[in-house]
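In: Got a predicted model here, sequence first, then my questions.
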Amino acid sequence: MPRYTLSELDVLPFIVIPACLAAVFAWGIAAASRRLGDACTATRRASIALAAAIVWMSATWIAASSGILRRWETTPPPFALLVLAIVTLGCLIAFSRYGGLLATGLPLWTLVAVQGFRLPLELSMHLMYERGIMPVQMSYSGRNFDILTGASALIVAALALAGRAPRWLVATWNVVGLALLVNVMAIAILSTPRVHYFGADRLNEWVTYPPFVWLPAVMVLAAFAGHLVIFRALGAERARR
C-alpha cells in the first residue's frame, strides 16, 4: 500500500463526501418529517439518524485502522462480512420507516440529485488509481462506469425539478444506476486478495484502510439505499395517481 496522509487534497474527498452524506441523510429525515406535517418529531428523528451514522462510520473506521478487515486468511474474511452488512443495512434503511419518510416526504428530484456525489467520487477514485493506491479495474479507465450515474443524476434531477422528467425516465435511470453500482461492487469483490480474479498485481486492499473504508461502508451504502428509496418513491407516486 503506497504511503498517504489524511490531509492530502486527493484523499480528503473520502472523508468529506461521507461526512456530507451523513449530514444530508439527517437533513432529509427532518425535512421529510416537516413536509409530512410531523414537525414535532423531526429533530428527534434527524438526531437518531445522525447518531446512527456516526456510530457506523466510527465502527468501520476502527475496524479498518485496527487491521481486522485485512485478515484475508480467515473464513469468512471480515471484509465479506462488511459487504454483507452494507447490503443488509441498505435494505433496512430503504424499507424502514425512515426510508418511507424519504420516499414520500421529499421531492423525487432531491433523491436523484443526491446520487450526483458519485461524480466527484469517481474522479477522486481515478486519482487513487493514478497514485497506485487503487487497481485500474475499479476506475473509469478500467471496468467501472459508475461516473455515468453521477453525471446523469444531475441532468435527470434538473429535468425532474422542471417537471420534464417522465416517470419512465427516472425509473430507467434508476435501474441503470443500480446496475452500474452492482457492477463496481462485483469488481471490488473479485479484486480482493481472497479471489484476485484480475491478478495478484491488481488487488483491492485499499478499501480496508481508513479513510478509504468509507467508500464501501458509507458511499456504496448511500448509493444502494438511495436507489431503493427512489423505487419506493416511484411506487408511492404511482399509487397516488
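Out: Received it, and whenever you're ready, just let me know what you need. Numbers count the residues shown, from 1 in each chain.

In: Can you list the residue ranges for strands in this protein?
Out: Secondary structure of the chain by DSSP state E: no strands are present.

In: got the CA coordinates for the least confident helix or strand in the chain by mean pLDDT in CSV?
Out: In the chain, the helix or strand scored least confidently by mean pLDDT, DSSP states H and E is helix 221-240, which has a mean of 93. C-alpha atoms of helix 221-240 as CSV (Å, rounded to 0.1, in the frame of the first residue of the first chain):
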residue,chain,number,x,y,z
LEU,A,221,-24.3,2.1,1.2
ALA,A,222,-25.8,5.5,0.5
ALA,A,223,-25.9,4.8,-3.3
PHE,A,224,-27.5,1.4,-2.8
ALA,A,225,-30.1,2.6,-0.2
GLY,A,226,-30.7,5.7,-2.3
HIS,A,227,-31.7,3.6,-5.4
LEU,A,228,-34.1,1.5,-3.3
VAL,A,229,-35.7,4.6,-1.8
ILE,A,230,-36.2,6.0,-5.3
PHE,A,231,-38.0,2.8,-6.3
ARG,A,232,-40.2,3.3,-3.2
ALA,A,233,-40.9,6.9,-4.2
LEU,A,234,-41.8,5.9,-7.7
GLY,A,235,-44.2,3.3,-6.4
ALA,A,236,-45.8,5.8,-4.0
GLU,A,237,-46.2,8.3,-6.8
ARG,A,238,-47.9,5.7,-9.0
ALA,A,239,-50.2,4.7,-6.1
ARG,A,240,-51.2,8.3,-5.6
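
In: Which strands or helices does it pack on?
Out: On a contact count with 3 or more C-beta pairs under 8 Å, 6 or more residues apart in numbering; DSSP states H and E, helix 221-240 meets helix 78-94, helix 97-105, helix 108-114, helix 167-190. In short, each C-beta sits where N, CA and C put it, glycine included.

In: Dump these into JSON lines; add distance to A217 as well.
Out: Converted to JSON lines, those look like this (distance: least, C-beta to C-beta, whole Å):
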{"stretch": "helix 78-94", "distance to A217": "7"}
{"stretch": "helix 97-105", "distance to A217": "18"}
{"stretch": "helix 108-114", "distance to A217": "17"}
{"stretch": "helix 167-190", "distance to A217": "12"}
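
In: Output those helices as TSV; include the columns mean pLDDT and mean neighbour count.
Out: Formatted as TSV, the helices and strands packed on helix 221-240 follow (pLDDT from 0 to 100; neighbours: other C-beta atoms under 10 Å):
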stretch	mean pLDDT	mean neighbour count
helix 78-94	98	17
helix 97-105	96	20
helix 108-114	98	21
helix 167-190	98	17
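
In: closest one to V16 among those helices?
Out: Minimum separation from V16 across these (C-beta to C-beta) falls at helix 108-114, 15.1 Å.

In: Residues contacting that closest one, please?
Out: 21, 24, 28, 102-103, 153-154, 156-158, 160-161, 165, 170, 173-174, 222, 226, 229-230, 233-234, 237 (C-beta atoms under 8 Å, 6 or more residues apart in numbering).

In: Show me which of these are buried.
Out: Buried members of the contacts of helix 108-114, counted by 16 or more other C-beta atoms under 10 Å: 21, 24, 28, 102-103, 153, 156-157, 160, 165, 170, 173-174, 222, 226, 229-230, 233-234.

In: ok, and what's touching stretch 27-46?
Out: So stretch 27-46 is contacted by A26, A49, Y98, L101, L102, T104, G105, L106, T110, V114 (C-beta under 8 Å, 6+ apart).

In: surely the third one meets A49?
Out: Yes - using C-beta atoms under 8 Å, Y98 makes contact with A49 at a distance of 6.3 Å.
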